[in-house]
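*Asks:* Fold the following for me, if possible:
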Amino acid sequence: MKCPGISREFFSLLVCLFIWSSSPAQNYYRVEDGTIDFRSDAPLELIEASSGNLRGIINPEDNTFAFAVRASTFQGFNSPLQREHFNENYLESKKYPEATFTGKIIEHIDLSQPGNYTIRAKGKLNVHGVEQERIIKSEVVSSGNTLEVSSNFTVLLEEHNIRIPKIVYQKIAEEIQVHIHATLSN
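*Replies:* Next comes the predicted model:
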């Protein structure tokens, strides 16, 4: 099924969220508050932006998860023109509106038990319409009904077919640092 303006990944996430939210027997953790920040530290320029629109869900029954953010929701940058170039030239936000990460937590941890956990999330990271299999390490603090999730990882632009024009090569890093922080509750 194809919906105008909605990526396949986002549509799949919406279907999962709908199915999971209509199942009263499950205790899914859903993002209540989530941010994603990125940093491009190139020789001639530092670019930082963030979005407070991270969405996601974790199914503790089978340790699966799905997270998504709309590319157009990132704010910050050094100028409005830089934000425009980010959306139009690099991430092509109209063509690829979502960045997603879906998969499974490798460790067999009961997240409903209070504690601090280091987990590895294995799944498909989709940025700019290109999926890459990734294992991303995260720190999780569980208080039973609430999870605080933090993660730091890098994204290589080349792996997601994001091209840097030679004229700005010294202003955009080839490796982008990403930080995620989310509060999930069931």
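*Asks:* Low-confidence bits of this structure, can you list those?
*Replies:* Low-confidence segments of the chain, defined by pLDDT under 70, are located at 1-26.
*Asks:* Which parts of it are strands?
*Replies:* Using DSSP state E, the strands found in the chain span residues 29-41, 46-51, 55-59, 64-70, 75-76, 98-105, 115-127, 130-142, 146-156, 175-185.
*Asks:* Can I get those in TSV including distance to residue 88?
*Replies:* Where C-beta positions appear, they are placed from N, C-alpha and C, glycine not excepted. Below are those laid out as TSV (distance: least, Cβ to Cβ, whole Å):
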stretch	distance to residue 88
strand 29-41	16
strand 46-51	15
strand 55-59	23
strand 64-70	15
strand 75-76	16
strand 98-105	16
strand 115-127	16
strand 130-142	18
strand 146-156	19
strand 175-185	18
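*Asks:* most remote residue from this protein's center?
*Replies:* residue 167 (28.8 Å; Cα atoms, centre = their mean).
*Asks:* how much space between residue 143 and residue 111?
*Replies:* From residue 143 over to residue 111 the distance is 10 Å, taken as Cβ to Cβ, to the nearest Å.
*Asks:* Which residue of those two possesses the greater neighbour count?
*Replies:* Ranked by neighbour count (other Cβ atoms under 10 Å), residue 143 and residue 111 place residue 111 first, with 22 against 11.
*Asks:* and that one, what does it touch?
*Replies:* Taking Cβ atoms under 8 Å, 6 or more residues apart in numbering as the contact definition, residue 111 lies against 29, 58, 60, 117, 140, 142, 147.
*Asks:* just residue 50 next, same as before
*Replies:* The neighbourhood of residue 50, defined by Cβ under 8 Å, 6+ apart, consists of 35-38, 74-76.
*Asks:* Tell me what residue 36 is bridged to.
*Replies:* residue 51, residue 180 (DSSP bridges).
*Asks:* now swap in the one 4 residues further on and tell me
*Replies:* Each beta-bridge partner of residue 40 is listed here, defined by DSSP bridges: residue 47.
*Asks:* Who are the contact partners of it?
*Replies:* Contacts were defined as Cβ under 8 Å, 6+ apart; by that measure residue 40 touches 46-48, 172-173, 176-177.
*Asks:* how about a cut-off of 7 Å?
*Replies:* With contacts defined as Cβ atoms under 7 Å, 6 or more residues apart in numbering, the neighbours of residue 40 are 47, 172-173, 176.
*Asks:* and what of residue 114?
*Replies:* Taking Cβ under 7 Å, 6+ apart as the definition, contacts of residue 114 comprise 142-144.
*Asks:* how about 10 Å then?
*Replies:* Residue 114 makes contact with 141-146 under the criterion Cβ atoms under 10 Å, 6 or more residues apart in numbering.
*Asks:* Check residue 141 too.
*Replies:* Remark: with contacts taken as Cβ under 10 Å, 6+ apart, residue 141 is in contact with 114-117, 147-150, 183.
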